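Visitor: fold the following for me, if possible:
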Amino acid sequence: MPQSQWTHYNPVRVLAGPGLLNRLAEWTPPEGRILLVTSPGFVRRGLADRIAGLLGVGRLRVFSGVTPNPDMDALDAATADLAGEAPAGLVAVGGGSVLDAAKVLSVTLRCGRAKPLHQTFREKAPADWPQGLPVIAAPTTAGTGAEATPFATVWDNVGHKKFSVAGPGVFPRTALLDPELTLSLPEEQTLYPGLDAISHALESLWNRNRTPVSEAYAARSLAISLAALPRVLAAPGDLDARARMQQASLLGGLAISQTRTAIAHSLSYPLTLRHGVPHGLACSFTLENVGALYLAQHPDCPFRDLIAAARGLLHGLDLHGHVARYADAAQIAALTGEMFTAGRAENFDGTIPDLPALLARP
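Guide: Residues are numbered from 1 along each chain as shown. Got it, this is the predicted structure:
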């Protein structure tokens, strides 16, 4: 059952619709420098020039060093490099890694420490993150929901660990959902983030921290994904389906902003760290088994039909076949000792009897 006492807080302003990026200047601070956070590919495709034209060339500083799964040391180095900028705000245009990097920089640029991530996560300094600089988050994939969450993932590729920069100050100021930004995504960059959206919805529905509000967000997110993901995979240029997947991603983000994720995400982290399995795939290939476990332990679950429908969709996608391109069964089994992540695994509202059973092909 949901908690008998619960709260809900999410301060992110949401703007949605085709062509909204062209109106970016309406929501950026009117004065001061703007830091554009993006990836090298978007710079090559002219995004930085486009945004400079919208905001003014003299106002824009570009940080395009974001790579998939933002690395702790790289983000500390970026913080040091950008420390003298004092931007009035940040614009993040890219996938979940770009949005997470921007959210991290929004607080590290204000914290006044030389290596804030190293000091916090390796040296165990207090995680007293300040209110971040205002971030406008414009996702170019549909899945992470990072435009609506108060945490950002940081990966320690030296220590093979995953951490979160978290707190109310990490929330973006504005989420700008322009489905035109997702039209050029190839199949896997459509599928894997879409799976992440499904995982967020399911992980919120079977979460000990769920509330009536998070349940409503998660159930609606899942229903939209189940209808829209097959459409967009079949017809990548379907703008309406792209917009619906952005909606599903946002709603999933709104759900996990309250509950956080659970066991499927806990299982996924070593696979991403050790074998480079894309996050959306890594956190979704166990969902079919976790769903079966949850429904067996909760026969009266009000979302039974919705979870069953999700299991059916996932089964047809052969996600274990996708994972096998990165790691075989023996390599996956060897990581079980690293798969219980505190603050995630225990969020699952049920008993977890056997990790190998969750990892097995259904």
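
Visitor: and the pLDDT for G252?
Guide: G252 carries a pLDDT value of 98.

Visitor: what's the distance between it and L15?
Guide: The gap separating G252 from L15 is 18 Å, by CB to CB, to the nearest Å. The way it works is simple: take the backbone N, C-alpha and C, and place the C-beta from them, glycine included.

Visitor: also R50?
Guide: R50 is 18 Å from L15, by CB to CB.

Visitor: look at G252 and L15 and report which has more neighbours.
Guide: G252 (33 against 15; other CB atoms under 10 Å).

Visitor: wait, that one sits on L195?
Guide: No - G252 lies out of contact with L195 (CB atoms under 8 Å); the separation is 11.0 Å.

Visitor: list the residues that contact both of those two?
Guide: The contact sets of G252 and L195 overlap at G143 (CB atoms under 8 Å, 6 or more residues apart in numbering).

Visitor: okay, the residue nearest to T341 when sequence neighbours are not counted: pLDDT?
Guide: Closest residue in space to T341, ignoring its immediate chain neighbours: S266 at 4.0 Å, by CB to CB, 6 or more residues apart in numbering. pLDDT recorded at S266 is 97.

Visitor: with M1 instead?
Guide: For M1, pLDDT reads 51.

Visitor: distance of A329 relative to L191?
Guide: If you go by CB to CB, the gap between A329 and L191 works out to 22 Å.

Visitor: comparing these two, which residue is more hemmed in?
Guide: Set side by side, A329 and L191 show more neighbours around L191, with 22 against 14, by other CB under 10 Å.

Visitor: that one touches L233, doesn't it?
Guide: Yes - with contact defined as CB under 8 Å, L191 and L233 form a contacting pair (6.4 Å).

Visitor: any idea how far apart the tips of stretch 205-213 sit?
Guide: 11 Å (CA to CA, to the nearest Å).

Visitor: what lies in contact with that stretch?
Guide: With CB under 8 Å, 6+ apart, stretch 205-213 has contacts from 2-3, 6-8, 204, 214-215, 218-219, 222, 258-262, 290-291, 294, 298, 303, 306-307, 346-350.

Visitor: restricted to helices, list the residues you listed.
Guide: Under the assignment DSSP state H, these contribute 204, 214-215, 218-219, 222, 258-259, 290-291, 294, 306-307 to helices.

Visitor: residues near the residue nearest to L319 when sequence neighbours are not counted, how many?
Guide: Closest residue to L319 apart from its sequence neighbours, by CB to CB, 6+ apart: F285 at 3.9 Å. Per other CB under 10 Å, the neighbour tally for F285 reads 30.

Visitor: counting neighbours, what do you get for P18?
Guide: P18 has 16 nearby residues by other CB under 10 Å.

Visitor: and if you look at P299?
Guide: Neighbours of P299 (other CB under 10 Å): 7.

Visitor: separation between F303 and A101?
Guide: Taking CB to CB, one finds F303 at 34 Å from A101.

Visitor: go on, G95?
Guide: 10 Å.

Visitor: tell me, how many residues neighbour the residue nearest to T341?
Guide: 26.

Visitor: following whichever strand or helix holds it, which helix or strand comes up?
Guide: Mapping S266 onto the secondary structure by DSSP states H and E places it in helix 263-275. Moving toward the C-terminus from helix 263-275, the next helix or strand (DSSP H and E) is helix 279-282.

Visitor: which other helices and strands does that next one contact?
Guide: Counting contacts by 3 or more CB pairs under 8 Å, 6 or more residues apart in numbering; DSSP states H and E, helix 279-282 is packed against helix 187-205, helix 263-275, helix 319-323.

Visitor: contact partners of that helix?
Guide: Contacts of helix 279-282 (CB under 8 Å, 6+ apart): 69, 96, 143-144, 191-196, 199, 267-269, 271-272, 319, 322-323.

Visitor: now with 7 Å?
Guide: The contact list for helix 279-282 (CB atoms under 7 Å, 6 or more residues apart in numbering) reads N69, G143, Y192, P193, L195, D196, S268, L271, T272, L319, H322, V323.

Visitor: with stretch 124-131 instead?
Guide: V107, R110, C111, Q119, T120, V165, G167, G169, V170.

Visitor: for stretch 53-72, same thing?
Guide: With CB under 7 Å, 6+ apart, stretch 53-72 has contacts from 22, 24-25, 28, 33-40, 43, 48, 51-52, 74, 78, 82, 85, 87, 94, 97-98, 100-101, 104, 117-118, 121, 154-157, 272, 279.

Visitor: so where do the strands sit in the chain?
Guide: Using DSSP state E, the strands of the chain run over residues 13-16, 34-37, 60-63, 89-94, 135-139, 151-156, 161-166, 174-177.

Visitor: P40: neighbouring residues, count only.
Guide: 11.

Visitor: I meant to write R50 there.
Guide: Counted with other CB under 10 Å, R50 comes out at 15.

Visitor: what's the answer for the one 3 residues further on, then?
Guide: For G53, the number of neighbouring residues by other CB under 10 Å comes to 12.

Visitor: for T182, same thing?
Guide: Quick note: T182 (other CB under 10 Å) scores 26 neighbours.

Visitor: thought it was touching G95?
Guide: No - in this structure, T182 is not within contact of G95 by CB atoms under 7 Å, at 9.7 Å.

Visitor: quick check: neighbours shared by these two?
Guide: T140, T141.

Visitor: and the nearest residue to G132 once chain neighbours are set aside, how far from Q131?
Guide: Using CB to CB, 6+ apart and skipping residues adjacent in sequence, the residue nearest G132 is S106, 3.3 Å away. Noted for S106: a distance of 9 Å to Q131, by CB to CB.
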